[in-house]
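Asker: 3D, please:
(one chain, ligands or ions: 2)
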Amino acid sequence: MARRPSLAAGYFFALPALITTDIAAAAEVLRAGGLVAIPTETVYGLASNALNEAAVAKIFAAKNRPSFDPLILHQSSAARIFAFTTDLPPAAAQLAEHCWPGPLTLVLNKQTVVPDLVSAGLTTVAVRVPQHPVARQLLELLDFPLAAPSANPFGYVSPTTAQHVADQLGDRIDLILDGGPCQIGLESTIVGFPDGVPTVYRKGGLPVETLEQLLGHPLAIRTHSSSQPTAPGMLSRHYSPGVPLDLWTDLKKVNELPPHSAVIGFGLGGTHYRRDAERQLDVYDLSPTGSLEEAAQQLFSVLRQVAKQDYVRAAAVLVPERGLGRAINDRLRRAAAEE
Ligand code: TXA
Ligand code: MG
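Answerer: Ligands and ions are numbered 1, 2, ... in the order given. Model prediction:
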């Protein structure tokens, strides 16, 4: 797709706007095998036709993503997405019924029609029905599912606005479909069924407690990194803010921070951002009123803002370890991990 005016040719091509709200235009680019960043309620995804291997390969190239990493298939309904899976465990059917559309991804046995590039050669595939109205309308227009990882370069924080995507991947994709800021702000919760046992692979936008209430029992949680992670969200170092990050349980050590540091807090009252002139610190509050929903929504934007400044150090106070707080703390721990 020509995007730059060609002066040498003596005339201008129109410069298509990279960021658009035109859902039909996005569908057209996807049908032609292009790459479109799409809004979802969790984070923005980098989407292409999941059944077209050449289109899927563009995702890996744009993200700089190791190709062993499997992608999530997105569709507009459970019925449409289950057409690509087999052997549905009863617990998966139950979770799908209660949680879709929404921030839940299920890892299920795949049908052979799903390209190996999407599933990274695994016999399973991750599937999700997003809730965002723009994503749903787009999927309704298409006769294929969309493969989409989060629309960030590998290892970086996931984007929660169209502008975040433009900043990091703008020169590598055909179109960014703008659906406003993501309402949830954390990636989906991923549940797999190894040996039929519901197991959380990634804590995310749907609290584990909600899933446990639905299923009526505690869930196995297997989110830790290994040399062969099944989910890169499982890599211990991910979501890097580009500056050494300390994790605290309270603010007692604030006086030990060197000047030109950042503090990420929660429930401090007052404003979302303030400058502590005396200590020469910038203080970012994920939610001054102490709302975990708001903190989830703000987290990746704040990590991005911190990464943009030239701070010497940063420290984050862990949030309460319940509900969305578990996923927020998981992301903070990975952002703080040294390797
Ligand atoms: O909220 C979300 O899930 C967003 C939006 C765009 O839907 N997507 C997202 O995709 O976060 P991504 O690629 O950044 O993370 C998907 C995770 C990866 O960690 C991947 O390894 C895991 O899902 N995954 C995919 N297929 C899998 C499989 N068959 N078994 C285990 N993990 C799988
Ligand atoms: Mg990701």
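Asker: Residues in a beta bridge with Ala147, which ones?
Answerer: Ser48, Leu73 (DSSP bridges).
Asker: Please name the residues that touch it.
Answerer: Counting by Cβ atoms under 8 Å, 6 or more residues apart in numbering, Ala147 touches Ala47, Ser48, Asn49, Ala50, Val56, Ile59, Leu71, Ile72, Leu73, His74, Val118. Yep, even glycine has a C-beta here, placed from its N, CA and C like the rest.
Asker: Outside of the helix or strand hosting the last one itself, list whatever touches it.
Answerer: The secondary structure element spanning Val118 is helix 116-119 (assigned by DSSP states H and E). The set of residues external to helix 116-119 that reach it, using Cβ under 8 Å, 6+ apart, is Ala50, Glu53, Val56, Ala57, Phe60, Ser67, Pro70, Leu71, Leu73, Lys110, Val125, Ala147.
Asker: Are we agreed that the fourth one is in a strand?
Answerer: Same thing as Ala57. No: going by DSSP: H, G, I helix; E, B strand; the rest coil, the assignment for Ala57 is helix, not a strand.
Asker: Can you tell me the closest non-neighbouring residue to it?
Answerer: Leu117 (6.5 Å; Cβ to Cβ, 6 or more residues apart in numbering).
Asker: Now do the strands in the stretch 201-339 of the chain.
Answerer: Taking DSSP state E, counting those that start in this stretch as the criterion, the stretch 201-339 of the chain carries its strands at 220-221, 245-248, 261-265, 273-276, 281-285, 313-317.
Asker: Tell me how many other residues crowd the residue nearest to Ala57.
Answerer: By other Cβ atoms under 10 Å, the residues close to Leu117 number 20.
Asker: same deal with Gly269?
Answerer: 9.
Asker: quick one on the thing from earlier: can you say which of the contacts of helix 116-119 are buried?
Answerer: By neighbour count, with 16 or more other Cβ atoms under 10 Å, the contacts of helix 116-119 hold Ala50, Val56, Phe60, Pro70, Leu71, Leu73, Lys110, Val125, Ala147 as buried.
Asker: could you say what helices and strands the host helix or strand of the third one packs with?
Answerer: Think Phe60. Using DSSP H and E, Phe60 maps to helix 53-63. Helix 53-63 is packed against strand 45-49, helix 116-119, with contacts defined by 3 or more Cβ pairs under 8 Å, 6 or more residues apart in numbering; DSSP states H and E.
Asker: Val191 is in contact with Val200, correct?
Answerer: Yes: assessed by Cβ atoms under 8 Å, Val200 is found in contact with Val191 at 5.8 Å.
Asker: picking up where we left off before, tilt between the helix holding Phe60 and strand 45-49?
Answerer: If you take axes from the mean of the first three to the mean of the last three Cα atoms, to 10 degrees, helix 53-63 sits at 160 degrees to strand 45-49.
Asker: Mind checking the pLDDT average for stretch 145-164?
Answerer: Stretch 145-164 shows an average pLDDT of 94 in the prediction.
Asker: Show me what from this structure comes close to ligand 1.
Answerer: By Cβ under 6 Å from any ligand atom, the residues of the chain that approach ligand 1 are 40, 42-43, 45, 69-72, 105, 107, 119, 122, 124-126, 128, 148-150, 187-188, 190, 192, 201, 230-233.
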